[in-house]
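Student: give me coordinates for this.
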Amino acid sequence: MTTIEPRRRNTVRGRPQATDGDLQCARCQRHMRKAAVTWPDGRICNSCYYDATSLFGDCPSCGMDRMLPGRMEIGGQPVCSGCARIRELLEGDSESLPYRVAGTLLLLYAQPLVRVAELPMNKVIVSPDGLALQLGVTPSPVPAPFDALLRQHLTKRPNLRTGGAGSPWLFPGYRPGEHLHPNTLMLRLRDLGIDLLGARNTALRELVTQVPAPVVAEMLGYSDQVTQRHADLASEPWARYASAPRPST
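Tutor: Numbers count the residues shown, from 1 in each chain. Sure thing, here's the model as predicted:
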C-alpha cells in the first residue's frame with residue numbers, strides 16, 4: 001500500500017469554526033446549523049471541510065497524488081474524493097448497475113450527465129491492454145476497479161428487450177433507438193447520495209492539478225477555457241498564500 005505523506009495547504013483566512021445547531025458533523029461530532037458539504041461519511045461542518053480539502057498526498061486506493069478529502073471505511077485513512085465515492089458505487093444490485101456506472105463516469109471523468117446519457121457503445125474501446133473511453137480526442141484509460149464494473153454493465157445493459165438488442169447506446173432507453181434521459185440518471189444518482197455539480201467540479205479540479213489543463217481538455221472533451229478556469233481556481237489558495245504579507249523577523 002502506498003504510504004501517505006500528507007501536506008497541508010495554508011489559507012489566509014484560516015480555519016472557520018463550527019457553530020451550534022441541530023445538525024451533527026459526521027467527523028468531529030460537533031453540532032452545526034448548516035453543513036458545508038455532504039460526503040460519503042455524512043454531513044460535514046465547515047471546520048472539517050477546510051481540514052479535508054487542505055490535505056494532499058498519494059491516495060492509498062488509486063495511488064495518485066491528489067486532494068484527500070475522503071476517508072476509508074476501515075481505519076479512516078484519507079483517500080481522494082473519487083475513490084471515496086466509487087467504493088459506494090461498486091456495491092449494489094443489477095437494477096442499480098447502470099446508474100452506478102454513470103455515477104463513476106461523473107466522479108472519475110467529470111462528465112456531465114447529458115454527455116453520459118448520450119455515450120454510444122463505440123466510445124468504449126476494448127483491447128488486450130484493457131478498457132478505455134473515447135471522451136475527447138485522446139482515449140482515457142479505465143482503471144481498476146471501475147473496469148470490472150463497466151465490463152459487467154457491457155454484458156448486462158438494461159432495456160434491450162424494449163429498446164432493441166442492437167441499441168447503439170451505452171445506456172439504452174425504454175424506447176427503440178433512444179438512450180436514457182439525463183433526468184433519469186440525475187434522479188437516481190441523487191438517490192445514491194451524489195452531489196452532481198459538486199462531484200463534477202471536484203473531479204475536474206483534481207484532474208487539472210495533476211495533468212496540464214489542455215491535456216485534460218483533450219481527454220475529456222472540454223474546451224481549453226473550461227479546464228484552464230478550473231486550473232486557475234485550483235491554484236488560487238497557493239496564489240493567496242504566496243502573496244500574503246509575512247511577519248518581519
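
Student: phi, psi of the most centrally placed residue in the chain?
Tutor: Per C-alpha atoms, centre = their mean, the C-alpha nearest to the average position across the chain is that of Leu107, at 2.4 Å. Note on Leu107: its backbone torsions stand at phi -80, psi -40 [degrees, to the nearest 10].

Student: that one touches Leu204, doesn't it?
Tutor: No. The pair Leu107 / Leu204 is not scored as a contact, 10.8 Å apart, by C-beta atoms under 8 Å. Any C-beta I mention is one placed from the backbone N, CA and C, and that applies to glycine too.

Student: immediately after the helix or strand bottoming out on mean pLDDT in the chain, which helix or strand?
Tutor: Here the helix or strand of the chain ranked lowest by mean pLDDT, DSSP states H and E is strand 7-8, holding a mean of 48. Using DSSP states H and E, the helix or strand that follows strand 7-8 towards the C-terminus is strand 23-24.

Student: now do that following strand: distance to the chain's middle.
Tutor: Centre-to-centre, strand 23-24 and its host chain are 25 Å apart (C-alpha atoms, centre = their mean, to the nearest Å).

Student: partner strands of that strand and their direction?
Tutor: Within its sheet, strand 23-24 is paired with strand 31-32 (antiparallel), according to DSSP bridges.

Student: poorly predicted segments of the chain, please.
Tutor: 1-21, 35-41, 61, 72-75, 81-82, 84-95, 163, 193, 235-249 (pLDDT under 70).

Student: just the strands from it, written as ranges.
Tutor: Along the chain, the segments classed as strands by DSSP state E run 7-8, 23-24, 31-32, 37-39, 42-44, 55-58, 65-67, 70-71, 78-79, 124-127, 130-133, 140-141.

Student: any idea which of those strands is most buried?
Tutor: Mean neighbour count (mean count of other C-beta atoms under 10 Å) peaks for strand 78-79 among these, with a mean of 22.

Student: which strands or helices does that one pack on?
Tutor: Strand 78-79 is packed against strand 70-71, with contacts defined by 3 or more C-beta pairs under 8 Å, 6 or more residues apart in numbering; DSSP states H and E.

Student: and the strand it packs on, what does it pack onto?
Tutor: Where contact means 3+ C-beta pairs under 8 Å, 6+ apart, strand 70-71 is packed against strand 78-79, helix 81-90.

Student: Leu150: how many residues sit nearby?
Tutor: Neighbour count for Leu150, taken as other C-beta atoms under 10 Å: 19.

Student: quick check: it touching Val142?
Tutor: Yes. Contact criterion C-beta under 8 Å: Leu150 and Val142 qualify, at 5.9 Å.

Student: give me the common contacts of those two.
Tutor: Common neighbours of Leu150 and Val142 (criterion: C-beta atoms under 8 Å, 6 or more residues apart in numbering): Leu131.

Student: not counting its neighbours along the chain, what's nearest Cys28?
Tutor: Closest residue to Cys28 apart from its sequence neighbours, by C-beta to C-beta, 6 or more residues apart in numbering: Cys48 at 5.5 Å.

Student: touching, the one you found and Arg27? I think so.
Tutor: Yes. If you go by C-beta under 8 Å, Cys48 and Arg27 touch, sitting 4.3 Å apart.

Student: between the two, which has more neighbouring residues?
Tutor: A count of neighbours by other C-beta under 10 Å puts Cys48 above the other of Cys48 and Arg27, at 25 against 19.

Student: how far away is the more buried one from Gln29?
Tutor: Counting by C-beta to C-beta, to the nearest Å, the gap from Cys48 to Gln29 is 10 Å.

Student: before we move on, what about Gln210?
Tutor: Distance of Gln210 to Gln29, given as C-beta to C-beta: 33 Å.

Student: ok, Leu233 next?
Tutor: 31 Å.
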